[in-house]
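> Based on what follows, work out the 3D shape:
(chains A and B)
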2 protein chains.
Amino acid sequence: MAREVLVRHRAFYDAVESGDVDLMASLWVDSPSVTCVHPGAEALEGTETVLRSWTLLMANVEYIQFFLTDVQVAWPLGPDADLAVVTCTENILSGEGTESPEQFAGGKAVCTSVLVRSGGDWRFCSRHASPVLDIDPEAPQEPGMTDPA
Amino acid sequence: MAREVLVRHRAFYDAVESGDVDLMASLWVDSPSVTCVHPGAEALEGTETVLRSWTLLMANVEYIQFFLTDVQVAWPLGPDADLAVVTCTENILSGEGTESPEQFAGGKAVCTSVLVRSGGDWRFCSRHASPVLDIDPEAPQEPGMTDPA
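Got it, this is the predicted structure:
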């Protein structure tokens, strides 16, 4: 089942890379309560608004490629439930002169995606991406900024 | 049921504000696959690591208060399922001279929390907070940065 989720999760990035609006639309739950946070932005709500933001992004970015690392799938309701939470680091390569909302701090972002199984298919119901900033791990006033382990 | 979720969601901020480590610990699922992203940071994994980061934060912040706005609860698996996704804007007031990982861009962050019902209680299994940056909504190269609606 992890494979099915990971295939859908990767398809999301394929859609952005190839500017495939139909593929992107097929990957989301259709609901006013869907949420998406682009790096540095406020939350978008509702499938229509979220898809519009991705369509605009894809129309304005000439070239973009995502190399995913630290991909982790969690099953908070158990391995047979219809919920998966996927976290990953997005290492982003973007065309010269084109800026992207996923491009921050050297093109590195961290993302949490919530997927649910609906009608047999895994679909995104929430996605939150944020820039990975250059934080001094020794700074005592920012203890939560880095993994203290 | 939304009320139960919102009470637990608010309890999270109460725990940070009052430095209540036990309350904080009681709010999380106990699992190595729990994830937490502090603003600007990489993902933390596992309840122990996540709680340690909050304990350090609480020990280092003299005064912090969260005013939540735009709080939305979504039920991606339906109103009777054991999954709730809560998004909100955190407007943060912090003590003079104390910096906090939740304090960015004028003390404003956006947060997506995933809560599951486990043993009757709603608990956090994922939390992702990110800074709200000052983005020019007219900039055509960053279409996903702002709500285009």
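> Look up the closest residue to A:Ser130, ignoring the ones flanking it.
B:Ser130 (3.2 Å; C-beta to C-beta, 6 or more residues apart in numbering or on different chains). For the C-beta atoms, the positions are set from N, CA and C on the backbone; glycine is no exception.
> strands paired with the host helix or strand of A:Asp70, and their directions?
Here A:Asp70 sits within strand A:64-74, counting by DSSP states H and E. The pairing partners recorded for strand A:64-74 under DSSP bridges are strand A:83-94 (antiparallel).
> ok so, going back, the residue nearest to A:Ser130 reaches B:Gly40, doesn't it?
Yes: contact criterion C-beta atoms under 8 Å: B:Ser130 and B:Gly40 qualify, at 7.4 Å.
> who touches both of the two?
Listed as contacting both B:Ser130 and B:Gly40 by C-beta atoms under 8 Å, 6 or more residues apart in numbering or on different chains are A:130-131.
> more crowded one of the two?
Taking neighbours as other C-beta atoms under 10 Å in any protein chain shown, B:Ser130 and B:Gly40 compare with B:Ser130 leading, 31 against 25.
> in chain A, which segments are predicted with low confidence?
A:96-106, A:135-149 (pLDDT under 70).
> thinking again about what came up before, which outside residues touch the strand holding A:Asp70?
Residues contacting strand A:64-74 (C-beta under 8 Å, 6+ apart): A:2, A:5-6, A:9-10, A:13, A:16-17, A:84-95, A:98, A:100, A:102, B:31, B:33-35, B:42-43, B:45, B:125-126.
> any idea which element A:Arg3 lies in?
Here A:Arg3 is assigned to helix A:2-18, by DSSP H and E.
> Tell me which other helices or strands that helix touches.
helix A:21-26, helix A:47-60, strand A:64-74, strand A:83-94, strand A:108-118, strand A:121-131 (3 or more C-beta pairs under 8 Å, 6 or more residues apart in numbering or on different chains; DSSP states H and E).
> Give me the nearest residue to A:Pro39, chain neighbours excluded.
Per C-beta to C-beta, 6+ apart, closest to A:Pro39 is A:Pro131, 4.6 Å.
> The one you found is in contact with A:Ala109, isn't it?
Yes: taking contacts as C-beta under 8 Å, A:Pro131 lies within contact range of A:Ala109: 5.7 Å.
> Name the residues contacting each of those two.
A:Pro39.
> I'd like to know how far the residue nearest to A:Ala2 when sequence neighbours are not counted sits from A:Val21.
Leaving out its chain neighbours, the residue that sits closest to A:Ala2 by C-beta to C-beta, 6+ apart is A:Val73, at 5.0 Å. Going from A:Val73 to A:Val21 by C-beta to C-beta, to the nearest Å gives 26 Å.
> Comparing these two, which residue is more hemmed in?
Remark: of A:Val73 and A:Val21, A:Val73 carries more neighbours, 18 against 14, as counted by other C-beta under 10 Å.
> Identify the bridge partners of the more buried one.
If you apply DSSP bridges, the partners that A:Val73 bridges to are A:Val86.
> The helix holding A:Arg3 vs helix A:47-60, what angle?
50 degrees (axes from the mean of the first three to the mean of the last three C-alpha atoms, to 10 degrees).
> Kindly export helix A:2-18 (C-alpha atoms) in PDB.
Output of helix A:2-18 as PDB, limited to C-alpha atoms (Å, rounded to 0.1, in the frame of the first residue of the first chain):
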ATOM      1  CA  ALA A   2       3.000   2.300   0.700                       C
ATOM      2  CA  ARG A   3       3.800   1.800  -3.000                       C
ATOM      3  CA  GLU A   4       0.400   3.100  -4.100                       C
ATOM      4  CA  VAL A   5       0.700   6.100  -1.900                       C
ATOM      5  CA  LEU A   6       4.300   6.900  -3.100                       C
ATOM      6  CA  VAL A   7       3.300   6.600  -6.800                       C
ATOM      7  CA  ARG A   8       0.500   9.100  -6.200                       C
ATOM      8  CA  HIS A   9       2.800  11.300  -4.200                       C
ATOM      9  CA  ARG A  10       5.400  11.300  -7.000                       C
ATOM     10  CA  ALA A  11       2.700  11.900  -9.600                       C
ATOM     11  CA  PHE A  12       2.100  15.200  -7.900                       C
ATOM     12  CA  TYR A  13       5.600  16.300  -8.700                       C
ATOM     13  CA  ASP A  14       5.500  14.800 -12.200                       C
ATOM     14  CA  ALA A  15       2.400  17.000 -12.800                       C
ATOM     15  CA  VAL A  16       4.200  20.200 -11.800                       C
ATOM     16  CA  GLU A  17       7.300  19.300 -13.800                       C
ATOM     17  CA  SER A  18       5.400  18.500 -16.900                       C
END
